[in-house]
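Engineer: missing the sequence, but the structure's below:
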């Protein structure tokens, strides 16, 4: 639940890494359309870079050469920063609508972007219309350890604070990054955050495998985080502008105290943070979709919305999150201090004694058609929520765990149709399954990506929903991430789980949120509003059309 500021690069570092004259493609710049630039560790930046036989040597040279419609094709090899404190790749040049600049692995190749003492593996810095696809970003956690981080992790030093992928505004021009697609990537082992988007808009994070990040940073990061997004091109709570879909996210945990409060916080799988705005940021008016994700064995929550609005969290599976013993555990899937959020068709399998969900400080937040198992009784329960074993075939905490549903699982065919999501498996003419992977569906990155295409679609329902959380660039220290305090839920409900009944009508939740064990009662929250009737939802689904399973990206 905490906002984290992404480790950013200083303006001086940015300026020094490439000539100013190539930062933008102006009217007077000659540029052939739709070129492919090749990069190889065996190449030279003195090469033309336009053929596999004469590639550039560095990613930065290719990025500073590419323009709208171009592709940077990255060949086998390992790519690290040229100097400590820089980024391996800083993307400042923008594409155009319909002509993005694409950074991707060369066909048949498996390059590795390996930040060692960089602030970021990849930084999208005030650029727009950018696609990052099918790459591996591997941090330096294997060479670090907890004892060293406890001694040496500090603000201003990238060694223990490296982020894998950071999408943020250009702090020298205030230009926001927007229309960014991060798809089909393997993002892992970064001491800081996995994938973060800060003060950005029109972001798609899809079909990525994001794991083993956030271990050693002082900035309270998470696997995937959206923090204080900024509306670009107008706001509309009826259209999705930010999408987090079909990702596999696990083993992300903060093991070092957050520098702001000297307490342990975050380490979530997926967090949507502060869409309602704060003293320094206007409220975000667009809608966020979090769908088809598998989030498990993270230190903080599986998925949650913190101080956010207009978020839909639909058809996700969260399993055994809240593993950190350093802080009071967060629930698996929940909203806190949020408005206009819908949590539907999810499966939340918790640890014994831990919170299941939260109604604290929520207004117009709907929980329904979810399956809960393990942990404490839900604080709020919709009329179609179920407390029962979802009956996974092969649940676990390994990277290969599939989380398929057994026959006779209560999640099969018991969900509600949702216009922006099509379940991966349906009974003929029947209701969708609950969770990320439908009965009989494939697994792995992208298998749970059930959303409509990358275009911005109307949720098809009058009630908006949104969630977000995590890191934003520090205003004080170049390259740093700052997280806002977002406590984890303690979950104080002790009544036995039930399997039916009306939704909670709000009132005194009896719960408190805690960070680092410090607790205090929070404001009472309103109960969940009833879900749109199933018949209406079905009609809207028919109007909106079915969704195509997006197998195209895997980016977090």
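Structural biologist: Okay, I see it. These numbers were taken from a predicted model, which means no experiment stands behind them.
Engineer: check contacts around residue 48.
Structural biologist: By C-beta atoms under 8 Å, 6 or more residues apart in numbering, the contact set of residue 48 is residue 54. Any C-beta I mention is one placed from the backbone N, CA and C, and that applies to glycine too.
Engineer: host element of it?
Structural biologist: Using DSSP states H and E, no element contains residue 48; it sits outside every helix and strand.
Engineer: So residue 216 is in contact with residue 255, correct?
Structural biologist: Yes - Residue 216 lies in contact with residue 255 (C-beta atoms under 8 Å); the separation is 6.6 Å.
Engineer: quick one: which of those two has more around it?
Structural biologist: residue 216 (26 against 18; other C-beta atoms under 10 Å).
Engineer: Could you check how far the more buried one is from residue 119?
Structural biologist: 14 Å (C-beta to C-beta, to the nearest Å).
Engineer: what is in contact with those two at once?
Structural biologist: Counting by C-beta under 8 Å, 6+ apart, the shared contacts of residue 216 and residue 119 are residue 161.
Engineer: which residues of the stretch 151-300 of the chain fall in strands?
Structural biologist: Along the stretch 151-300 of the chain, counting by DSSP state E, counting those that start in this stretch, strands occupy 163-168, 178-183, 186-188, 195-198, 201-206, 209-211, 224-227, 240-245, 248-250, 270-273, 287-291, 294-296.
Engineer: and residue 336, which of the ones you listed is closest to it?
Structural biologist: Closest of the strands of the stretch 151-300 of the chain to residue 336 is strand 270-273, at 10.5 Å (criterion: C-beta to C-beta).
Engineer: What helices and strands are in contact with the closest one?
Structural biologist: Packing partners of strand 270-273 (3 or more C-beta pairs under 8 Å, 6 or more residues apart in numbering; DSSP states H and E): strand 224-227, strand 287-291, strand 303-306.
Engineer: Would you mind confirming that residue 212 makes contact with residue 188?
Structural biologist: Yes - Residue 212 is within contact range of residue 188, at 4.9 Å (criterion: C-beta under 8 Å).
Engineer: Which one of the two is surrounded by more residues?
Structural biologist: residue 188 (23 against 20).
Engineer: quick one: low-confidence parts of this structure?
Structural biologist: 1-33, 423-429, 438-458, 460-556 (pLDDT under 70).
Engineer: Helices of that one, residue ranges please.
Structural biologist: 11-17, 59-63, 146-152, 534-544 (DSSP state H).
Engineer: Kindly state the beta-bridge partners for the spatially most central residue of the chain.
Structural biologist: Among the residues of the chain, the one closest to the centroid is residue 224, at 3.0 Å (C-alpha atoms, centre = their mean). Legend: beta-bridge partners of residue 224 under DSSP bridges are residue 195, residue 270.
Engineer: separation between it and residue 206?
Structural biologist: Relative to residue 206, and taking C-beta to C-beta, residue 224 is found at 11 Å.
Engineer: now do residue 295
Structural biologist: When residue 295 is compared with residue 206 (using C-beta to C-beta), they lie 14 Å apart.
Engineer: and what of residue 114?
Structural biologist: Residue 114 sits 23 Å away from residue 206, going by C-beta to C-beta.
Engineer: These two: which is more packed in?
Structural biologist: Neighbour count, other C-beta under 10 Å: between residue 114 and residue 206, residue 206 has more, with 30 against 19.
Engineer: picking that back up, any idea which of the strands of the stretch 151-300 of the chain gets closest to residue 129?
Structural biologist: Across the strands of the stretch 151-300 of the chain, closest to residue 129 is strand 178-183 (C-beta to C-beta), at 4.7 Å.
Engineer: Check which helices and strands that closest one is in contact with.
Structural biologist: Looks like strand 178-183 contacts strand 128-133, strand 163-168, strand 201-206 (3+ C-beta pairs under 8 Å, 6+ apart).
Engineer: Tell me the strands beside it, with direction?
Structural biologist: Strand 178-183 is paired, per DSSP bridges, with strand 128-133 (parallel), strand 201-206 (parallel).
Engineer: what angle separates that strand from strand 240-245?
Structural biologist: With axes from the mean of the first three to the mean of the last three C-alpha atoms, to 10 degrees defining the directions, strand 178-183 sits at 20 degrees from strand 240-245.
Engineer: Quick one: distance of strand 178-183 to the chain centre.
Structural biologist: Centroid separation for strand 178-183 versus its chain: 12 Å, with C-alpha atoms, centre = their mean, to the nearest Å.
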